[in-house]
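J.: here is my input; please provide its structure:
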Amino acid sequence: MNINVLRLDHRIKRDARITTHVCLTSRAFGASKIYLSGEEDEKLMKNVEELVEHWGGSFKVEYKKNYMNLIDEWKNNGGEVIHLTMYGSQVQNIIGTIRKSSKDKLIVVGGSRVPTKVYKNSNWNVSVTNQPHSEVSSLAVFQHMLMDGNEFDIKFDNAYFEVIPSAKGKKILTKDENVKNEY
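T.: A predicted model of the protein is given here:
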């Protein structure tokens with residue numbers, strides 16, 4: 001199963017930090033690509049690409065002006081569209097069914113106000129709690145449940161930096177095999 005994420009309605013001046021966190025969460029929790037819609041933000045996209053160069057993996061970021069074309073294309077190619085919203089079916093009640101499907105997944109996270117057509121064109125409208133909260137937290141919880149915890153074992157190939165788990169201090173291994181210890 002291939003996991004991609006669609007971030008709706010990015011606004012450069014208002015959303016740069018939160019959209020960056022959506023990108024980072026997508027990658028860290030097992031997505032292979034994120035599509036950004038709204039205002040095209042070349043600086044943000046370049047920052048994400050540079051992060052991938054340093055921390056490894058093959059995560060991609062792409063701008064899509066018309067997100068509905070992407071949703072339609074995704075479904076026409078046999079994939080499933082999962083819209084994260086506080087108004088959907090509760091994740092704990094449907095994640096097993098979603099996980100059983102081997103179809104490629106497009107996870108949609110909103111911006112300001114999500115149009116009704118996104119709800120209607122999604123295979124699943126999924127709530128991670130029925131309370132207002134961050135799209136970053138919804139995405140992290142959903143991807144964690146979708147991956148059944150296996151995101152903790154993802155290895156990112158060609159990384160320049162690698163964190164070595166440590167109960168105290170910071171240990172970072174660089175590609176040239178130098179270990180930096182910082183406290």
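J.: any regions of the protein where pLDDT drops low?
T.: Scanning the chain for pLDDT under 70 picks out the ranges 178-183.
J.: element containing the residue nearest the centre of it, please.
T.: By CA atoms, centre = their mean, the chain has its centre lying nearest to residue 26, at 2.2 Å. If you go by DSSP states H and E, residue 26 is part of helix 12-28.
J.: and for that helix, what's in contact with it?
T.: Contact with helix 12-28 is made by 5, 7, 9-10, 34, 36, 38-39, 41, 43-44, 47-48, 51-52, 57, 59, 61, 107, 109, 111, 134-136, 139-140, 143, 151, 154, as judged by CB atoms under 8 Å, 6 or more residues apart in numbering. (C-beta placed from N, C-alpha, C; glycine too.)
J.: ok, of the residues you listed, which come out buried?
T.: 5, 7, 9-10, 34, 36, 38-39, 41, 44, 48, 51-52, 57, 59, 61, 107, 109, 111, 135-136, 139-140, 143, 151 (16 or more other CB atoms under 10 Å).
J.: which residues of the chain fall in strands?
T.: Listed in chain order, the strands of the chain (DSSP state E) span 3-10, 33-38, 60-63, 80-90, 105-109, 124-127, 161-164, 170-174, 179-182.
J.: so which of the ones you listed gets nearest residue 72?
T.: strand 80-90 (9.4 Å; CB to CB).
J.: can you pull the buried residues of the closest one?
T.: Neighbour-count burial for strand 80-90 [16+ other CB under 10 Å]: 80, 81, 82, 83, 84, 85, 88.
J.: quick one: distance of stretch 93-103 to the chain centre.
T.: Relative to its chain's centre, stretch 93-103 lies at 17 Å (CA atoms, centre = their mean, to the nearest Å).
J.: correction: stretch 123-137
T.: Taking the mean of its C-alpha atoms, stretch 123-137 sits 13 Å from the chain's own mean (CA atoms, centre = their mean).
J.: just the CA atoms of that stretch, as PDB, please.
T.: Taking Å, rounded to 0.1, in the frame of the first residue of the first chain, the C-alpha atoms of stretch 123-137 are listed here in PDB:
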ATOM      1  CA  ASN A 123     -14.100   7.000   0.300                       C
ATOM      2  CA  TRP A 124     -13.800   7.700   4.100                       C
ATOM      3  CA  ASN A 125     -14.400  10.700   6.200                       C
ATOM      4  CA  VAL A 126     -12.500   9.800   9.400                       C
ATOM      5  CA  SER A 127     -12.500  11.600  12.800                       C
ATOM      6  CA  VAL A 128      -9.600  11.500  15.200                       C
ATOM      7  CA  THR A 129     -11.700  12.700  18.100                       C
ATOM      8  CA  ASN A 130     -14.800  14.800  17.600                       C
ATOM      9  CA  GLN A 131     -13.200  17.900  18.900                       C
ATOM     10  CA  PRO A 132     -11.300  20.800  17.200                       C
ATOM     11  CA  HIS A 133      -7.500  20.100  17.100                       C
ATOM     12  CA  SER A 134      -4.600  20.300  14.700                       C
ATOM     13  CA  GLU A 135      -4.400  18.600  11.300                       C
ATOM     14  CA  VAL A 136      -0.800  17.600  12.300                       C
ATOM     15  CA  SER A 137      -2.000  15.600  15.300                       C
END
